[in-house]
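> this is the structure alone, sequence omitted:
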């Protein structure tokens, strides 16, 4: 066996090398290996300028014989293989002594001969990292063909944009909608079939405000106010009321911990919803852990960060649809117990534009709002924020 270092291009794996040894008594350790392809020659030797490449050390390579189950260590000469381009072999001309391109080479030779260990190590590392431009030029056609082949299979910018839109954690939307009400598909948020499993008859018939508040899942001020607005009408809109109760389910589910996710029946009792609704929530806003089961044998479900983002985006879309597509940042942050920065980021992720609240807007609401308060407005055509390349 022969141990080799390739300074230029590495030959194909199946390349065959011819080995030549010096048979003279004084230089019996010298060795030369040679191989060639149609365009390139590979020549390696154990010496340079009649001096061996290695001094004071030897390499041994263990050869394992599976028939006898033995290992034989053989001394392996070390060769440094250089690459020669056949087309340029006879056209290099005479090298001028004052050619500035040979100054770095001469400096490296001096460093190898007289430099410190650190300098020698640095020079050898530079030599290993050098790119043989002759080999690159010879394979330019192959490289170009490979680039064309790989680039042809790459998706276009339009396809990448569509893929990014499909990966957004928001409900189905129409990017070409002309009004805010047409942007999101509310049937995708809460289908008519699932809405039929939300019973609001008792809530609609209850006249006592205290009892009505007790029947509402969770403690959301936004949900309680919307329930009162709907029921105060002469003919309450039951479809809208079911949407409000579904929003209450999602808000309460957002704060359900790991223990509450162990069993769907347990989670349904926490939310006070039907089995059909809890199945819809679990299928859309949780992920199962493969191979993990609960003590009762049911699969383990968790709310991953992606699931929580999807859940919060659905909550905000429901809130927008119930509030004429406008939300006050401080009110949302207080209702969801979130900091203002997270609230702002989530509202922007569903396509809202952040605007300052004017004095007449506060007067219309009949409330005293802080001068630095802002509102989130969903407008058509919808535009989602671009992903930032900074930060995490």
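Arrived safely. Fair warning: this is a prediction, and the values are worked out from it, not measured in the lab. Residues are numbered from 1 along each chain as shown.
> mind listing the helices for the stretch 251-392 of the chain?
For the stretch 251-392 of the chain, the helices defined by DSSP state H, counting those that start in this stretch cover 264-271, 275-285, 305-322, 329-336, 340-349, 359-365.
> strands of the stretch 51-200 of the chain, start to end?
Using DSSP state E, counting those that start in this stretch, the strands of the stretch 51-200 of the chain run over 51-52, 59-65, 70-76, 78-85.
> which of those strands has the highest mean neighbour count?
strand 78-85 (a mean of 18; mean count of other CB atoms under 10 Å). Where you see a C-beta, it was placed from the backbone N, CA and C, and this is true even at glycine.
> where does the stretch 151-300 of the chain have low pLDDT?
Residue ranges of the stretch 151-300 of the chain with pLDDT under 70: 160-166.
> can you do 80?
Low-confidence segments of the stretch 151-300 of the chain (pLDDT under 80): 151-167, 291-298.
> one step back: of the strands of the stretch 51-200 of the chain, which is nearest residue 168?
Closest to residue 168 of these is strand 78-85 (CB to CB; 51.0 Å).
> just grab the bridge partners of residue 32 for me.
With DSSP bridges applied, residue 32 shows beta-bridge pairing to residue 20, residue 45.
> so it makes contact with residue 19?
Yes: counting by CB atoms under 8 Å, residue 19 is a contact partner of residue 32 at 7.5 Å.
> circling back: ok, which of the helices of the stretch 251-392 of the chain comes nearest residue 8?
Closest among the helices of the stretch 251-392 of the chain, using CB to CB: helix 305-322, at 47.6 Å.
> residues contacting the closest one, please?
Residues from elsewhere that reach helix 305-322 (CB atoms under 8 Å, 6 or more residues apart in numbering): 169-171, 180-181, 184, 186, 189-190, 222, 226, 240, 243-244, 246-247, 250-251, 253-254, 284-287, 303, 326-327, 332, 336, 346-347, 349-350, 352, 376, 378.
> ok, the nearest residue to residue 130 once chain neighbours are set aside - contacts?
Counting by CB to CB, 6 or more residues apart in numbering, residue 130 lies nearest to residue 7, which is 7.0 Å off, once chain neighbours are set aside. Shown in contact with residue 7 (CB under 8 Å, 6+ apart): 80-83, 127-128, 130, 132.
> please state the backbone phi and psi of residue 7?
phi -80, psi -30 (degrees, to the nearest 10).
> how far away is it from residue 342?
56 Å (CB to CB, to the nearest Å).
> surely residue 63 meets residue 71?
Yes: with contacts counted by CB under 8 Å, residue 63 reaches residue 71, the gap being 6.9 Å.
> would you mind measuring from residue 59 to residue 30?
Here residue 59 is placed at a distance of 15 Å from residue 30 (CB to CB).
> also residue 182?
84 Å.
> looking at the two, which one has more neighbours?
residue 30 (18 against 13; other CB atoms under 10 Å).
> what's the pLDDT at the more buried one?
Looking at residue 30, its pLDDT reads 81.
> contact partners for it?
Counting by CB under 8 Å, 6+ apart, residue 30 makes contact with 21-22, 45-47, 52.
> how about JSON lines for these, with distance to residue 12 and pLDDT added?
Below are the contacts of residue 30 laid out as JSON lines (distance: CB to CB, whole Å; pLDDT from 0 to 100):
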{"residue": "21", "distance to residue 12": "25", "pLDDT": "82"}
{"residue": "22", "distance to residue 12": "28", "pLDDT": "74"}
{"residue": "45", "distance to residue 12": "21", "pLDDT": "88"}
{"residue": "46", "distance to residue 12": "23", "pLDDT": "86"}
{"residue": "47", "distance to residue 12": "26", "pLDDT": "83"}
{"residue": "52", "distance to residue 12": "29", "pLDDT": "81"}
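> thanks a lot, see you next time.
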